[in-house]
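> Just a sequence and a predicted model for now, questions to come.
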Amino acid sequence: HEAKAAQQQLERMSQSQIDAIVKAMSEAAVAEAARLAAMAVEETGFGKVADKTVKNRFAAINVYEAIKEMPTVGIIRRDDQRKVWEVAQPFGVVAAIIPSTNPTSTVIFKCLVSIKARNAIVISPHPSALRCTQEAASTMRLAAEKAGAPAGLIQCLSRPSIEASNELMKHKLTDVILATGGSAMVKAAYSSGKPAFGVGPG
């Protein structure tokens, strides 16, 4: 409910306000890239700190560069020839399923794309990557709120489980799912009855 209320406030913000929030999130993620990478390796035992730092920086810099100029508020394209206007409309609340293999970089990019499109995001960590996922989410949330985003826009489940993920995906206030994970998780997202984008070996 808090995420939905925050999203409704975000929806009324201007393009320049949205862009300032997303820029602040990108900068915070760059600053914390190495620390979050070290936390992820320590907690999950997967990967190398140097590689995860590169991946965090890729999410924070390259994903940001790819989306920063995109218009996401109001009329975003006019084709006067064909008399077609495109108007950007947010989905609402994004349920973000995060894997244990890339916990922090996945949080960074999902938060950036969700907020850029004026959505709230509720993150469901993998149980074996809870601490680093929460830390990445907190980094994104603090930067966003400092730059003027409404409180409650970026949230993270504190007691993760398969049941919690499934409940989040099916929740009546969830509007769209971004699922990254194994084939069972991706399949669950696609069969939740909600629009879903699944990524992973599935």
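Thanks, I have the structure now.
> Which helix or which strand is home to the residue lying farthest from the centre of the chain?
Using C-alpha atoms, centre = their mean, the residue of the chain lying farthest from its centre is Gln81. It sits 36.0 Å away. For Gln81, there is no helix or strand it lies in under DSSP states H and E.
> now the one 10 residues further on
For Phe91, there is no enclosing helix or strand under DSSP H and E.
> so it touches Lys194, yeah?
No - Phe91 is not in contact with Lys194 according to C-beta atoms under 8 Å; the separation is 9.8 Å. Placement of C-beta: from N, CA and C, glycine included.
> what residues do the two have in common as contacts?
Jointly contacting Phe91 and Lys194 under the rule C-beta atoms under 8 Å, 6 or more residues apart in numbering are Asp175, Val176.
> residues near Val87, how many?
9 (other C-beta atoms under 10 Å).
> again with Leu10
So Leu10, with other C-beta under 10 Å, has 23 neighbours.
> Over to Gly200?
Gly200 is flanked by 16 other residues according to other C-beta under 10 Å.
> Use 74 as the first number from now on
Sure thing, new numbering starts at 74, so read that last one as Gly273.
> who touches it in this structure?
Pro172, Ala252, Thr253, Gly254, Gly255, Ser256, Met258, Val259.
> go again using 6 Å as the cut-off
Counting by C-beta atoms under 6 Å, 6 or more residues apart in numbering, Gly273 touches Thr253, Gly254, Val259.
> Buried ones only from these, please, as a PyMOL command.
Restricted to buried positions by 16 or more other C-beta atoms under 10 Å, the PyMOL selection for these reads:
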select buried, resi 253+254+259
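> Out of the contacts of Gly273, which sit inside strands?
Mapping the contacts of Gly273 onto strands (DSSP state E) picks out Thr253.
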